[in-house]
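Q: Provided below for reference: sequence and predicted model.
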Amino acid sequence: MATPALTQRKSPTEEIIAALRMVSPLEGLRDEDYRWLAEHGTEQFASSGEIIFREGDPATVMNIMLRGEVHVQRIQSGPMALFIGRAGQIGGLLPFSRMKTYGGNGRAVGECWALNIDHADFPAMLEAIPSMAQRCVTVLLSRVREVTRMEQQAEKLNALGKLSGNLSHELNNPASAAQRAARTLLGELRHYGDQKYQLGTMCLDDEKRALYGQWVGKARAAAPSGSLVAAIATDTQAANDALSQSDREDSINRWLEAHAVTDAWQVAPTLAEANISEELLNELAAFAAPEVLPVAVRSFASALRAERMTEAVIDSTARIFDLIRAIKGYSYMDQAAVQDVDLASALDNTLSMLNSRMSQIDIVREYARNMPLVNAYGSELNQVWTALIENALDAMPNGGTLRLKVSTSGEMALVEVWDSGPGIAPEAKSRIFEPFFTTKAVGAGLGLGLDTAQRIVTRHHGFITVESKPGATCFQVRLPLELTEAY
């Protein structure tokens, strides 16, 4: 769609000069300077809502805004905060600027009136109005600072969005497990109380109670060491044990039905999970009367289920607290701006933030012992580690090896992030540190994040390099150890 034609007309020269006197970057010009601009400029008018220029259009004129506002928003190159050009400002192409095209769509807000100076007239303008050189450079510097601020803000928001997504995923799993366990624990405790009450009404003598107590102790010793939850937690172990677990359940279920234990289908999985064998159950049957045996088995199974639910709550809440600790370490909450940073801990905290993406990744840590702390802005450095690790994970969508190394190199700390992905294409390698350069689809993100990473490392008086070949890509970050060398 072509850019709408803007209305052009000639206002009285004195009216244009009066408007130019309200433009702050032009303040202090001589009367003849204002007149030169008014006579050599081209007026353009736009109604509210009109597109003045589109992202990617060639930039060929300097715009002096005399009335109204222009809102500029980037569309194709990733999200960015709104930039507003107001009356009294100068925009567009300026002398000495390397600007080639417009960086976003410009839409008029209110009735707009602008005076445009074509780039072909720049030499004549600078000759006629020598102070315009300094004025344009000042505008350029201000514009660079503002655009940089908006880009950094957009990058931070993008990083925050990724972090919140990772955290919500990480927190959801243990929180859901704790909620499920807590919801069913109350009912299980009531059931356990009923079973213990039934067992108590059978008036076992001291010898039988002692034998039952010994049997319970022996049965607990047969259960997997540590948490019952942890014992079946990993997918690999669960897959390996699935068949044998099913066989144990079938065998125990038949034994329970043969001994008149009601709800055998509910009791058998619990006993099988706890590694209770038929031989152990036969020992219980040897001294428990037929009417006592079903109650004793159900009571023991109910106790195991209640303990398993309690372990789930403990394990899940411990995971939540671990994540909270990692968040505090990642954000350096409640700490001074400059900290003594433990680089190994910083990398581990970043891994915790991204744990939801690590299911198919082998992580290798090679951290030097007695590694000195680094004086740095810790929260900013964590943006670097996040960008490097996320890019490494993006390079290994089907799994691979992520290697993290921390060591010293002379008077500097050296952090290396390796991945076993396909490597960086030669045509992209020279551009990966450019702002907004990305190999991702439109809208998938601001870019690789390496421009931000490089700026942060450079501000610490360090530097970042990359070596890449198929199967081995390594980003190296070197940082000064001493505070006096940072910033």
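A: Great, that's in hand.
Q: Pull up the gap between residue 414 and residue 478, please.
A: To residue 478, residue 414 is 5 Å away according to Cβ to Cβ, to the nearest Å. Glycine gets a C-beta too; all of them are placed from N, C-alpha and C.
Q: For these two, indicate the residue with more neighbours.
A: residue 478 (20 against 17; other Cβ atoms under 10 Å).
Q: Which pLDDT does the model give residue 150?
A: For residue 150, the model assigns a pLDDT of 68.
Q: tell me the strands in the chain, going along the chain?
A: 42-46, 51-53, 61-73, 83-86, 90-92, 105-118, 339-341, 361-367, 374-376, 400-409, 412-419, 463-469, 472-480 (DSSP state E).
Q: remind me which residues of the stretch 351-487 of the chain are low pLDDT?
A: Within the stretch 351-487 of the chain, the segments meeting pLDDT under 70 span 435-448, 483-487.
Q: 80 - rerun?
A: Scanning the stretch 351-487 of the chain for pLDDT under 80 picks out 353, 356, 378-379, 430-431, 433-449, 482-487.
Q: Low-confidence stretches in the stretch 101-250 of the chain?
A: Across the stretch 101-250 of the chain, the ranges flagged by pLDDT under 80 are 103, 144-173, 176-177, 181, 183, 185-205, 222-245, 247.
Q: same thing but 90
A: 101-107, 109-110, 140-250 (pLDDT under 90).
Q: where along it do the helices fall?
A: 122-128, 131-201, 206-222, 228-231, 235-258 (DSSP state H, counting those that start in this stretch).
Q: and residue 211, how many neighbours does it have?
A: Other residues close to residue 211 by other Cβ under 10 Å number 17.
Q: which residues does it contact?
A: Counting by Cβ atoms under 8 Å, 6 or more residues apart in numbering, residue 211 touches residue 287.
Q: give me that answer again for 10 Å
A: 204, 205, 283, 284, 286, 287, 288 (Cβ atoms under 10 Å, 6 or more residues apart in numbering).
Q: Got a PyMOL select line for the buried ones in those?
A: Remark: buried members of those, expressed as a PyMOL selection using 16 or more other Cβ atoms under 10 Å:
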select buried, resi 204+283+284+288
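Q: ok, the contacts of residue 211 vs residue 95, which is closest?
A: Nearest to residue 95, judged by Cβ to Cβ, of the contacts of residue 211 is residue 284 at 94.4 Å.
Q: you'd agree the closest one is up against residue 292?
A: Yes. Contact criterion Cβ atoms under 10 Å: residue 284 and residue 292 qualify, at 9.5 Å.
Q: Give the residues shared as contacts by these two.
A: Joint contacts of residue 284 and residue 292 (Cβ under 10 Å, 6+ apart) are residue 212.
Q: before we move on, the earlier item: mean neighbour count, the helices of the stretch 101-250 of the chain: which tops it?
A: helix 228-231 (a mean of 18; mean count of other Cβ atoms under 10 Å).
Q: if we can go back for a sec, what is in contact with residue 414 and residue 478 at once?
A: Jointly contacting residue 414 and residue 478 under the rule Cβ under 10 Å, 6+ apart are 408, 462.
Q: and residue 419, what does it touch?
A: Residue 419 touches 361, 388-389, 391-396, 400-403, 468, 471-475, counting by Cβ under 10 Å, 6+ apart.
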